[in-house]
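Novice: This is a predicted model, with the sequence first.
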Amino acid sequence: AQKVTQAQTEISVVEKEDVTLDCVYETRDTTYYLFWYKQPPSGELVFLIRRNSFDEQNEISGRYSWNFQKSTSSFNFTITASQVVDSAVYFCALSGFSGTYKYIFGTGTRLKVLA
Amino acid sequence: DSGVTQTPKHLITATGQRVTLRCSPRSGDLSVYWYQQSLDQGLQFLIQYYNGEERAKGNILERFSAQQFPDLHSELNLSSLELGDSALYFCASSVGTVSTEAFFGQGTRLTVV
């Protein structure tokens, strides 16, 4: 079975602090895909990144960085120098081809960045 | 703007009624997914269509049905509505199936009173 666990329900940080959001996944697929989405207070889901299982290279995009480690089945997301606008719920998601054509989402981590 | 359009944005209706939610995918996207987001259930997968054909079904109630039309837009029909159906309903689309990222619409907030 496929499963995504985001153990951190809510995190509060002060502006300019770095914060890491954890994501642990389970899958029996040899090829799979991992995603992060942001859901700001306005409600829409915004795509941030996709990572293929065969590409373990870490990625950096501005203040955002992602650390993919197959050995620990984790795909963690770090925001450097957090800003109030980063306040949102962040979802990690998993997809694969084990007969179910869907994206499986974790329960989300609510990030509050305080000024 | 994700390019996925959902209408209406808000819907308030009474128990027992039937509603239709509409989704226009991004241009060129063949897959459409429907998700339900409620406070206590998180993002729950309902159903997926690819180029007009149903590909996967999740925890979709029998009172709910969906279809994807030849022009690739999709509709989610919810009938015999109950208070517990109140939620945010998202439509998403992707180019292929799940090997590419899905882009989500702004959602339809359904309130059943």
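Specialist: Cool, the structure landed.

Novice: what does chain B have sitting close to chain A?
Specialist: Chain B comes close to chain A at residues B:2, B:31, B:33, B:42-43, B:45, B:48, B:50, B:55-56, B:58, B:88, B:90, B:92, B:97-107, B:109, as judged by CB under 8 Å from any CB of the partner chain. (Each C-beta comes from the backbone N, C-alpha and C, glycine too.)

Novice: Please enumerate the strands of the chain.
Specialist: Chain wasn't specified; assuming chain A. Secondary structure of chain A (DSSP state E): strands at A:3-5, A:10-14, A:19-21, A:24-26, A:32-39, A:46-52, A:59-61, A:64-69, A:74-79, A:88-96, A:104-105, A:109-114.

Novice: The intended chain is chain B.
Specialist: B:5-7, B:10-13, B:19-24, B:31-38, B:42-50, B:53-57, B:64-68, B:74-78, B:87-94, B:103-104, B:108-112.

Novice: strand partners of the fifth one, parallel vs antiparallel please.
Specialist: So that's strand B:42-50. strand B:31-38 (antiparallel), strand B:53-57 (antiparallel) (DSSP bridges).

Novice: Kindly compare burial across the ones you listed and name the winner.
Specialist: Across those, averaging neighbours per residue (mean count of other CB atoms under 10 Å in any protein chain shown) puts strand B:31-38 on top, at a mean of 24.

Novice: Tell me what angle that one forms with strand A:32-39.
Specialist: 50 degrees (axes from the mean of the first three to the mean of the last three CA atoms, to 10 degrees).

Novice: where does strand B:31-38 sit relative to the chain's centre, distance-wise?
Specialist: 4 Å (CA atoms, centre = their mean, to the nearest Å).

Novice: Run through chain A and note the low-pLDDT ranges.
Specialist: Within chain A, the ranges that satisfy pLDDT under 70 run A:99-100.

Novice: Point out the residues in chain A that sit beside chain B.
Specialist: A:33, A:35, A:37, A:43-47, A:50, A:52, A:91, A:95-97, A:100-108.
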